[in-house]
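Colleague: here's a sequence, model it:
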Amino acid sequence: MSSVDGIVPSGDKKKKTLCWISETTKEHPEKNRQQIISEAEIRFDLSPKECDFIDRKLRDDSAECD
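Modeller: Numbers count the residues shown, from 1 in each chain. Predicted coordinates for the structure are as follows:
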């Protein structure tokens with residue numbers, strides 16, 4: 001197990017988290033991204049490092065949900 005494994009959420013968890021954040025952002029435009037990520041941290045049991053990864057991912061590109 002590499003040190004990166006503890007930082008990047010699993011594929012399914014990452015996809016669900018990014019989709020939930022995307023949907024929540026659209027449904028609640030009054031909330032900023034950090035508030036939504038904080039909610040996602042609890043909802044999806046994310047570590048602080050996973051939250052940092054998600055935040056960077058959202059800044060770098062837009063997540064698409066199917």
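Colleague: please count neighbours and contacts with C-alpha atoms only from this point.
Modeller: Noted.
Colleague: can you give me the pLDDT of the residue nearest the centre of the chain?
Modeller: Compute the mean C-alpha point of the chain, and by Cα atoms, centre = their mean the closest residue is Ile54, 4.0 Å away. We have a pLDDT of 89 for Ile54.
Colleague: which residue, other than its chain neighbours, is closest to it?
Modeller: Spatial nearest neighbour of Ile54, excluding adjacent residues (Cα to Cα, 6 or more residues apart in numbering): Leu18 at 7.3 Å.
Colleague: can you read off the pLDDT for the one you found?
Modeller: For Leu18, the model assigns a pLDDT of 89.
Colleague: same deal with the one 5 residues further on?
Modeller: Each residue has a pLDDT score; the one for Glu23 is 94.
Colleague: can you tell me how far it sits from Lys49?
Modeller: Using Cα to Cα, to the nearest Å, Glu23 is found at 22 Å from Lys49.
Colleague: likewise Lys26?
Modeller: For Lys26, the distance to Lys49 equals 25 Å [Cα to Cα].
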